[in-house]
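Asker: no sequence on this one, just coordinates:
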């Protein structure tokens, strides 16, 4: 769990740090924590995401098994980030959809693709107990 004493950390490859900064900070709303010649560190809505400059970029990303993202407990922030992505004309890897409709684990989801082909999922469960 994210607490003041514990934050989830993820490192991802990125071909161009300025592109990554523009995507994550300017367009998606993350906060830039630090910037170096070889990486940027982001506060990605409470998680630490580090974009490392790399030439190992996945040319054909697939949704499964490799993606990361945010799971929302409430519908309003999910809708707000979806609107931000749509208004900012961010590239959707998978447009909004409902998964497992009618089941206890039903959730709304969409996937974005960052400039380095990293896939980011945003989802909201109808039943917040199903977040984990």
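Answerer: Thanks, I have it. In this text, all values refer to a predicted model and were calculated from it rather than measured experimentally.
Asker: the most far-flung residue of the chain relative to its centre and residue 64: what is the separation?
Answerer: Going by CA atoms, centre = their mean, the residue of the chain most distant from its centre is residue 102, 25.5 Å out. Here the criterion is CB to CB, to the nearest Å. By it, residue 102 lies 22 Å from residue 64. C-betas here are computed from N, CA, C, even on glycine.
Asker: what's the average pLDDT for the top helix by length along the chain?
Answerer: For the chain, the helix that runs over the most residues, judged by DSSP state H, is helix 75-87. The average pLDDT for helix 75-87 rounds to 96.
Asker: which residues touch the next helix-or-strand element following it?
Answerer: Next in sequence after helix 75-87, counting helices and strands by DSSP states H and E, comes strand 92-99. When contacts are defined by CB atoms under 8 Å, 6 or more residues apart in numbering, strand 92-99 is touched by residues 61, 63, 82, 85, 106-113, 119, 123.
Asker: which ones among those map onto strands?
Answerer: 107-113, 119, 123 (DSSP state E).
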